[in-house]
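**Q** okay, structure incoming, though there's no sequence with it:
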């Protein structure tokens, strides 16, 4: 049986300065798929609770040690990456802009597959879809006037030297390197994995998500999330796509 722990058990923020949240726009699963993803990562953005993660004996390390990076973001696909709001902008401004954008954008349906061996395990579209890329690009552009530019420290954390010239351009322009033609939808399931660990983690994920992955996955709304002082993201608003 899955046990739950209140968010108060999440790591305490170390900085004394007032909390200034980041906001993100996600595509998020629902139903059994969402529940399975939340339990795999150990964090439910909707209820704002830490969850006990399953113990699979054939994993190279316990699952909590394999999901430290993606856990606090929840089970999601990034559309507009976490950002701080521009000076004078508010959550209400961001929500209004998102509603305006979603009123013009139509739902998208995609099939998902688990990634091949690579840096981290994730679900990704089984095939390219122009409609999905167009949707993501529209939201990135429509909301970017509300984004505060990255600080030099934030840019450095992105390790721009490891990016392609195009990705560096997108980082400078939109605060995130993987947008527009560089956009690749994914739902992250792990930290970066050594190649020898990928098969075992993938096998556990296949068992964990068996029968729970929708085919197709219909993306018919955008989810607005807010980061708390401990760095965990919580659901704030859900906006339907009405185009």
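**A** Yep, that arrived. All values derive from a computational prediction rather than experimental measurement.
**Q** the closest residue in space to residue 243 that isn't next to it in sequence: what's it in contact with?
**A** Setting aside the residues directly before and after it, residue 243 is nearest to residue 106 in space (Cβ to Cβ, 6 or more residues apart in numbering), at 4.0 Å. Where you see a C-beta, it was placed from the backbone N, CA and C, and this is true even at glycine. Listed by Cβ atoms under 8 Å, 6 or more residues apart in numbering, the contact partners of residue 106 are 131, 135, 241, 243.
**Q** and the residues you listed, which are buried?
**A** Neighbour-count burial (16 or more other Cβ atoms under 10 Å) is assigned, among those, to 135, 241.
**Q** between the contacts of residue 106, which sits nearest residue 67?
**A** residue 135 (27.4 Å; Cβ to Cβ).
**Q** and the helices in this protein?
**A** Secondary structure of the chain (DSSP state H): helices located at 31-41, 63-66, 91-104, 130-143, 152-157, 165-174, 195-208.
**Q** need the ones you listed in TSV with mean pLDDT and distance to residue 74, can you?
**A** Listed next are the helices of the chain as TSV, based on pLDDT from 0 to 100; distance: least, Cβ to Cβ, whole Å:
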stretch	mean pLDDT	distance to residue 74
helix 31-41	98	7
helix 63-66	97	15
helix 91-104	98	18
helix 130-143	97	18
helix 152-157	89	20
helix 165-174	94	22
helix 195-208	96	16
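**Q** go through those helices and name the closest to residue 73.
**A** Closest among the helices of the chain, using Cβ to Cβ: helix 31-41, at 8.3 Å.
**Q** contacts only, for the closest residue to residue 147 other than its chain neighbours.
**A** In space, and not counting its chain neighbours, residue 147 is closest to residue 83: 4.3 Å by Cβ to Cβ, 6+ apart. Neighbour list for residue 83: 22-24, 146-148, 175 [criterion: Cβ under 8 Å, 6+ apart].
**Q** make a ChimeraX selection of whichever of those residues turn out to be buried.
**A** Paste this into ChimeraX to select the buried members of these, with burial taken from 16+ other Cβ under 10 Å:
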select :22,23,24,146,147,175
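**Q** quick one: the residue lying closest to residue 189 once chain neighbours are set aside from residue 75, how far?
**A** Nearest residue to residue 189 in three dimensions, chain neighbours excluded: residue 121, at 4.5 Å (Cβ to Cβ, 6+ apart). For residue 121, the distance to residue 75 (Cβ to Cβ, to the nearest Å) stands at 13 Å.
**Q** ok, how many other residues are close to residue 132?
**A** Neighbour count of residue 132, defined by other Cβ atoms under 10 Å: 19.
**Q** gap between it and residue 139?
**A** Distance from residue 132 to residue 139, counting by Cβ to Cβ: 11 Å.
**Q** residue 133 now?
**A** Residue 133 is 11 Å from residue 139, by Cβ to Cβ.
**Q** the more surrounded of these two?
**A** Set side by side, residue 133 and residue 139 show more neighbours around residue 139, with 22 against 19, by other Cβ under 10 Å.
**Q** that one contacts residue 25, doesn't it?
**A** Yes - using Cβ atoms under 8 Å as the test, residue 139 is close enough to residue 25 to be in contact (5.9 Å).
**Q** which neighbours do those two share?
**A** Among the neighbours of residue 139, those also in contact with residue 25 (Cβ under 8 Å, 6+ apart) are 79-80, 98, 222.
**Q** can you pick out the most distant pair from those residues?
**A** Spatially, the most separated pair among the shared contacts of residue 139 and residue 25 is 79 and 98, at 9.9 Å (Cβ to Cβ).
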